[in-house]
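# Fold the following for me, if possible:
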Amino acid sequence: MPEGDTAWRTARTLNGVLSGRRITGFFSSILEVGRAAERLRLVGQKVEQVSARGKHLLIRFSSGSVLHTHLRMTGSWHIYRRGSPWRKSPHSARVVIETAQVAAVLFGAPLIELLPPGSTGTHPTLRDLGPDLLSPDFDPMEALARLQMREEMEIGEVLLDQKVMAGIGNVYKSEVLFLCGIHPFDRVKDMDDKRLLRIICTARNALSCNLGFGMRRTRPTSSPHRFWVYGRAGRPCFRCGTRVKHRRQGDQARSTYWCPVCQPAGSRGDPPSRVKPS
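Sure thing, here's the model as predicted:
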């Protein structure tokens, strides 16, 4: 499931093969994107940088134009050497960026747009993103202030709000709250600054530990099980043996997993467990 770590890793891979390369061909099955590419004369430009902001991917070209994509649940970028066969049908490609060496192909992404120079700062989604948990300039105090502005919301729901902090998805939501010993249905207003900062720092640590090339995990690498509670409804908690619970949460009815003993409602929260890198 794409979350901030997935976007960061994808950006790193794309940047490694595209940055500094001249675009020899560009195709998009989305009519508006294809027309914008022609209008902005994308072919012939160089890729300056590929970066991630939260779950969003930004490919910046030498003119200042930016290809903005979001993978969500269905999208994936593939890299192919020129002339190599693709693992998916070319008819399913939504974007193809060609250089003399490679073709970067985007399949299945629901959000694709080509932004003109200077427009990322005013883009309604990108402009309103909260602090990126994986940014070197991440400011936990700004994230804290944004959390406290949602004081009536349940903590499990507010963690998915990308305007609060960018990068957390459904997996990390459940895992971070377990590591902090906090019930996902407690409200923000019932938590002091210390507990909220514990959540923020644990989230940043958990994502940061998954920037390598292994599969995402929040448990030690020596364990065959990657997650503490996510996807483990009805199975025994690895800490106390109590059966993990599952419930839909928020307007989008996202799945939430928690241990009722390790994360009792209204608890003060235990110190977070150390997250082992993958």
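
# Let me see the contact set for Leu14.
Val50, Leu57, Ile59, Trp77, Ile79, Ala104 (C-beta atoms under 8 Å, 6 or more residues apart in numbering). To be clear about C-beta, it is placed using only N, CA and C from the backbone, and glycine gets the same treatment.

# between these, which is closest to Arg87?
Taking C-beta to C-beta as the measure, Arg87 lies nearest Ile79 of the contacts of Leu14, at 10.8 Å.

# wait, that closest one sits on Ala104?
Yes. Using C-beta atoms under 8 Å, Ile79 and Ala104 qualify as a contacting pair, with a distance of 5.7 Å.

# Surely Leu57 is in a strand?
Yes. Counting by DSSP: H, G, I helix; E, B strand; the rest coil, Leu57 is located in a strand.

# related to what we said a few turns ago, which one of Ile79 and Ala104 has more residues nearby?
Applying other C-beta atoms under 10 Å to Ile79 and Ala104 shows that Ala104 carries more neighbours, namely 21 against 15.

# how about that one, what does it touch?
Contacts of Ala104 (C-beta under 8 Å, 6+ apart): Leu14, Val17, Leu18, Trp77, His78, Ile79, Val95, Val96, Ile97, Glu98.

# Greatest separation within the residues you listed: which pair is it?
Val17 and Val95 (14.8 Å).

# which phi and psi does the closest residue to Gly121 other than its chain neighbours have?
Leaving aside its chain neighbours, Gly121 sits nearest to Arg127 (6.3 Å; criterion: C-beta to C-beta, 6 or more residues apart in numbering). Phi and psi for Arg127, reported as degrees, to the nearest 10, are phi -60, psi -40.

# How many residues are close by Arg127?
That count, for Arg127 with other C-beta under 10 Å as the rule, works out to 10.

# Please enumerate the strands of this protein.
Assigned by DSSP state E, the chain shows strands spanning 25-28, 47-53, 56-61, 66-70, 76-81, 93-98, 102-107, 111-115, 245-249, 254-258.
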